[in-house]
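Visitor: Provide a 3D model corresponding to the input given below.
(2 chains)
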Amino acid sequence: MATRLTHGLSALWRAIRELSGDDGYERYLAHRAANHPEQAVLSRRDWFAAQQQQQWTGIKRCC
Amino acid sequence: MSHKIPAIQTDYTMKTNLPPRTTRLATRAIWLVVALLGAAAVGGIALNRGETLNALWFITAALCVYAIAYRFYAAWIAATVLGIDETRATPAERLSNGRDFIPTHRWIVFGHHFAAIAGPGPLIGPTLAAQFGYLPGTLWILFGAVLGGCVQDMVTLFFSTRRDGRSLGQMARDELGNIGGSAALVATFLIMIILIAVLGLVVVNAMKNSPWATSTVAATLPIAMIVGLYMYKLRPGRVLEGSALGVTLLLLAVVAGGWVDSIPGLRVLFDHPGLTLAFAVIAYGFAAAILPVWLLLAPRDYLSTFMKLGTIILLIIAILWLRPDIKMPALTQFTDGSGPIFGGALFPFVFITIACGAVSGFHALISSGTTPKLISNERDIRMIGYGGMVLESLVAMMAMIAATVLDPGVFFAINAPAGIVGKEAAEAVATISSWGFPVSVEQMNLIARQMGEATLFARTGGAPSLAVGMASIFGSAFGEHLLALWYHFAIMFEAVFILTTLDAGTRVGRFMLQDLLGNIWQPLGRTSWYPSMLFSSAVVVAAWGYFLYIGVIDPNGGVNILWPLFGISNQILAAIALCVATGILVKSGKLKYAWVTGVPLLWLVIITSTATWQKLTSDDPRIGFLAAAQSLSDKLASGMLPPDKAAVAPQLIFNQQLDAALVLFFAALLWLIVLDMLRVCARHLQGKPVPPLSEEPHQPTQLEQAWQRD
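Guide: This next block holds a predicted model:
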């Protein structure tokens, strides 16, 4: 029971982090490690700046 | 539903995996109960006359209609009309780059998609449409969504997913030809301008001479910047920490606004008439468009998304808990077109007024381009496309409930512009009471005092009456003495995401304009070139700023003009999306299913064309743009106007003529693309050459990981 609750809560927390983009840098590192392990990665700040810029170039918000 | 579905499954295994016969019977029985309950609730709402109706009926009707439509209609469209293929690799998988193409869990995509499509629109439209009574708007929100809006969102999402996440404009160009593509682009740009202007007007009307609201909304700017600095400089990428900080500060700003309001020296700093606030919003829009996104736009969007989800959940809980009675009649006398908030008869104007929440063309821009790049398997399309719009429709339903639980007299006193009911309180209540909706000056003063405002008369636009409705619902559920706080919380919450739409829209408008101008003189197309950025931002801000300015100086409230214009343009965008979808269906040899998108398309063409016709030719100055221009110039010529009105009359006359030209242009765009689509379909059916289907070829999916599915 207690473990199921902890499991549930940690799954919820992971979902909140992913939905908000809080874990974005970790996912970026994982993606680079899996696909381009030989290339250098961006620093946390540079990644955030690039990601924000990319995120707000198309139509993102509606009426 | 309950049994576990393996990651990859063909139709064959589906049949062998069917649950035992008793379970199937039980499932059927449950759906029969849902259908009967839904029919009883819809019937109860539609046929009820005179008796008090509880809000719970609306929720029951909505949930049953959504459940049945999602389970049967959406599933049938997905399986039979579209032919969802879960063995097919999606663009997110094939083109995965860790940036915009990312295979993502369906609930996460659902969250992103919903946050993107649901803005202030579904809260404002139903509030305005409540002038016809609760019934027309409610039925349109329910059935417009499940037969029109949800279908549009889902099929656009599907077709874009099959085309590497291409945008609506690109799909229109690929599938129909250059005419369709250009029409879609121009319509998108113009609707953006009108949308921003009308949303700006809603914010201005909410802040007008309200130091509490103005200071709270003003405080959201430095708060967003603090959050931006925190997320960019101090703790890069820590979105949740920054958002928690920001939401706390926003709530403090609501409380602090009350304190500002109580200190005369501070009060005057934030006590401004509409025109000053309109110029402030315009200046702000320009600043927001040229500042880096991390400083203002992105952090405020995080805050507005959290506030939006939180408030919607709170509103649903409060309505379920409180189960308020609906006070508005089913139908009012204003169905004949004489309504005080906007002129025009039930048909077609209820369908124009409620766009977001029933059918919203803007969603097609999110469903193509952004969301399809995240979908990890085609089978998620029904839940994200259809389900996302179902949830937005539910939000619109909540707004309808919040508007109709108010005393109708109070509702009209807040929403009717001074030009209709009179400037003085006594005059206004007399007019409104004479319509059969009794309200008194004392009652309005009491409500204004409870909400911490000097007056609530003539706050046209929907936000203040929604805030009063929400405050009274929240107040009864979570503390009566907090009414003023709840009211200003609701105002702040709406302002925050209206301003987000305003920033994001100005930015997108700027990119579209730069793209366009780049064809004329290449350097203007470079999005990062500073002079081009300044110039194109200024043009976009000036365009919506003009409509906002006219809306503020218009004694009839501006909403009367701008909201129908916005509704017409949004529905025309929806018609364009449905044209593209219908064209693709016919070209794919699915003519017999083309009615799925064809019927909503036909309905949109009928309502937008009728509305355009009436806006152009009606003799009633409150409906027809040209009649209004004529009537005003007659009054000006005869010297009947007081000097202050005579001074702005030439601008208003010009604006009415401009609006007439604009609405005619919208209708021409629509007919152009409808005829183009019909031409392509006819050629295809005659066996003549047409642009080929631009669908990407099938590649088998490799994604089977457990995390993808649950």
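Visitor: In chain A, which helix is the longest?
Guide: When chain A is parsed with DSSP state H, its longest helix is helix A:2-20.
Visitor: For that one, name the packing helices and strands.
Guide: Helices and strands touching helix A:2-20, by 3 or more CB pairs under 8 Å, 6 or more residues apart in numbering or on different chains; DSSP states H and E, are helix B:106-117, helix B:239-262. Quick note: C-beta positions are derived from backbone N, CA and C, even for glycine.
Visitor: could you dump those helices to CSV with mean neighbour count?
Guide: Output for the helices and strands packed on helix A:2-20, formatted as CSV (neighbours: other CB atoms under 10 Å in any protein chain shown):
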stretch, mean neighbour count
helix B:106-117, 22
helix B:239-262, 18
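Visitor: List the contacts of the residue positioned nearest the centre of chain A.
Guide: Taking CA atoms, centre = their mean, the centroid of chain A lies closest to residue A:24, which sits 1.8 Å from it. Residues in contact with residue A:24, defined by CB atoms under 8 Å, 6 or more residues apart in numbering or on different chains, are A:47, A:48, A:51, B:237, B:239.
Visitor: With residue B:153 instead?
Guide: Residue B:153 sits next to B:117, B:363, B:364, B:367, B:385, B:386, B:388, B:389 when contact means CB under 8 Å, 6+ apart.
Visitor: Please identify which helix or strand holds it.
Guide: helix B:150-161 (DSSP states H and E).
Visitor: how far off helix B:106-117 does that helix point, in degrees?
Guide: 110 degrees (axes from the mean of the first three to the mean of the last three CA atoms, to 10 degrees).
Visitor: Quick one: mean pLDDT over helix B:150-161.
Guide: Helix B:150-161 shows a mean pLDDT of 98.
Visitor: Tell me who's in contact with residue 41.
Guide: Let's take chain A. A:28, A:29, A:32, A:47.
Visitor: Not quite, go with chain B.
Guide: Residue B:41 neighbours (CB under 8 Å, 6+ apart): B:57, B:58, B:60, B:61, B:64.
Visitor: Just give me the neighbour total for the closest residue to the last one other than its chain neighbours.
Guide: Nearest non-adjacent residue to residue B:64, counting by CB to CB, 6 or more residues apart in numbering or on different chains: residue B:38, 2.7 Å away. Using other CB atoms under 10 Å in any protein chain shown, residue B:38 is surrounded by 21 other residues.
Visitor: and residue B:38, what does it touch?
Guide: Shown in contact with residue B:38 (CB under 8 Å, 6+ apart): B:60, B:61, B:63, B:64, B:65, B:67, B:68.
Visitor: redo that, cut-off 7 Å
Guide: B:61, B:64, B:65, B:68 (CB atoms under 7 Å, 6 or more residues apart in numbering or on different chains).
Visitor: Helix or strand for the last one, just tell me which one.
Guide: Under the assignment given by DSSP H and E, the secondary-structure element containing residue B:68 is helix B:55-68.
Visitor: circling back: let me have the helices and strands packed on helix A:2-20 in JSON lines, extended by mean pLDDT.
Guide: As requested, these are exported to JSON lines (pLDDT from 0 to 100):
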{"stretch": "helix B:106-117", "mean pLDDT": "93"}
{"stretch": "helix B:239-262", "mean pLDDT": "94"}
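Visitor: Now render the ones you listed as CSV, adding distance to residue B:409.
Guide: Converted to CSV, the helices and strands packed on helix A:2-20 look like this (distance: least, CB to CB, whole Å):
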stretch, distance to residue B:409
helix B:106-117, 34
helix B:239-262, 26
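Visitor: Return the closest of the contacts of residue B:153 with respect to chain A.
Guide: residue B:117 (4.9 Å; CB to the nearest CB).
Visitor: just for chain A, where's the confidence low?
Guide: Applying pLDDT under 70 to chain A flags residues A:1.
Visitor: Report all helices and strands that the host helix or strand of residue A:48 contacts.
Guide: Take DSSP H and E as the rule and residue A:48 turns out to sit in helix A:44-55. The contact analysis (3 or more CB pairs under 7 Å, 6 or more residues apart in numbering or on different chains; DSSP states H and E) places helix A:44-55 against helix A:24-35.
Visitor: could you check the angle helix A:2-20 makes with the helix it packs on?
Guide: Angle between the axes of helix A:24-35 and helix A:2-20 is 90 degrees (criterion: the same axes, to 10 degrees).
Visitor: So for helix A:24-35, what gets flagged as buried?
Guide: Buried residues in helix A:24-35, counted by 16 or more other CB atoms under 10 Å in any protein chain shown: A:24, A:25, A:28, A:31, A:32.
Visitor: what do you get for stretch B:632-651?
Guide: Within stretch B:632-651, the residues that count as buried by 16+ other CB under 10 Å are B:632, B:633, B:636, B:645, B:648, B:649.
Visitor: Which one of these is nearest to residue B:417?
Guide: residue B:645 (13.8 Å; CB to CB).
Visitor: in the stretch 401-550 of chain B, which spans are strands?
Guide: In the stretch 401-550 of chain B, no strands are defined using DSSP state E, counting those that start in this stretch.
Visitor: Alongside chain A, which residues does it contribute?
Guide: B:500, B:501, B:504, B:507, B:508, B:511 (CB under 7 Å from any CB of the partner chain).
Visitor: which one of those sits closest to residue B:487?
Guide: Nearest member of these to residue B:487, counting by CB to CB, is residue B:500, at 20.9 Å.
Visitor: which residues sit in contact with that closest one?
Guide: By CB under 7 Å, 6+ apart, the contact list for residue B:500 reads A:61, B:300, B:301, B:304.
Visitor: which of the residues you listed lies closest to residue B:206?
Guide: Nearest to residue B:206 among these, with distances taken as CB to CB, is residue B:304, at 15.4 Å.
Visitor: what packs against the strand or helix carrying the closest one?
Guide: Using DSSP H and E, residue B:304 falls within helix B:297-322. Here helix B:297-322 touches helix B:55-68, helix B:211-229, helix B:239-262, helix B:387-404, helix B:463-478, helix B:483-518, going by 3+ CB pairs under 7 Å, 6+ apart.
Visitor: In CSV, list those along with distance to residue B:339.
Guide: Shown next, in CSV, are those (distance: least, CB to CB, whole Å):
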stretch, distance to residue B:339
helix B:55-68, 22
helix B:211-229, 26
helix B:239-262, 33
helix B:387-404, 14
helix B:463-478, 14
helix B:483-518, 22
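Visitor: Please identify the most buried of these.
Guide: helix B:387-404 (a mean of 27; mean count of other CB atoms under 10 Å in any protein chain shown).
Visitor: Can you spell out which helices and strands pack onto that helix?
Guide: helix B:55-68, helix B:106-117, helix B:121-129, helix B:134-139, helix B:150-161, helix B:297-322, helix B:463-478.
Visitor: ok, back up a step: next SSE after the helix holding residue B:68?
Guide: Counting by DSSP H and E, the next helix or strand C-terminal to helix B:55-68 is helix B:75-76.
Visitor: Mind checking what helix or strand follows that following helix in sequence?
Guide: Downstream of helix B:75-76, the first helix or strand assigned by DSSP H and E is helix B:91-94.
Visitor: how about that following helix: buried residues?
Guide: For helix B:91-94, burial by neighbour count (16+ other CB under 10 Å) applies to B:91, B:92, B:93.
Visitor: what's near enough to touch the last one?
Guide: Read that as residue B:93. B:103, B:376, B:701, B:703.
Visitor: If we use 6 Å, what do you get?
Guide: Contact analysis of residue B:93 by CB atoms under 6 Å, 6 or more residues apart in numbering or on different chains lists B:103, B:703.
Visitor: Distance check, it against chain A.
Guide: Noted for residue B:93: a distance of 13 Å to chain A, by CB to the nearest CB, to the nearest Å.
Visitor: rewinding a little: which other residues reach the helix holding residue B:68?
Guide: Under the criterion CB under 6 Å, 6+ apart, residues B:34-35, B:37-38, B:41-42, B:44-45, B:142, B:319, B:323-324, B:390, B:394, B:397, B:401 lie in contact with helix B:55-68.
Visitor: Most widely separated two among those residues?
Guide: The most widely separated members of those, counting by CB to CB, are B:35 and B:324 (26.8 Å).
Visitor: Count residues in the vicinity of the closest residue to residue B:350 other than its chain neighbours, would you?
Guide: Leaving aside its chain neighbours, residue B:350 sits nearest to residue B:136 (4.5 Å; criterion: CB to CB, 6+ apart). Residue B:136: 23 surrounding residues under other CB under 10 Å.
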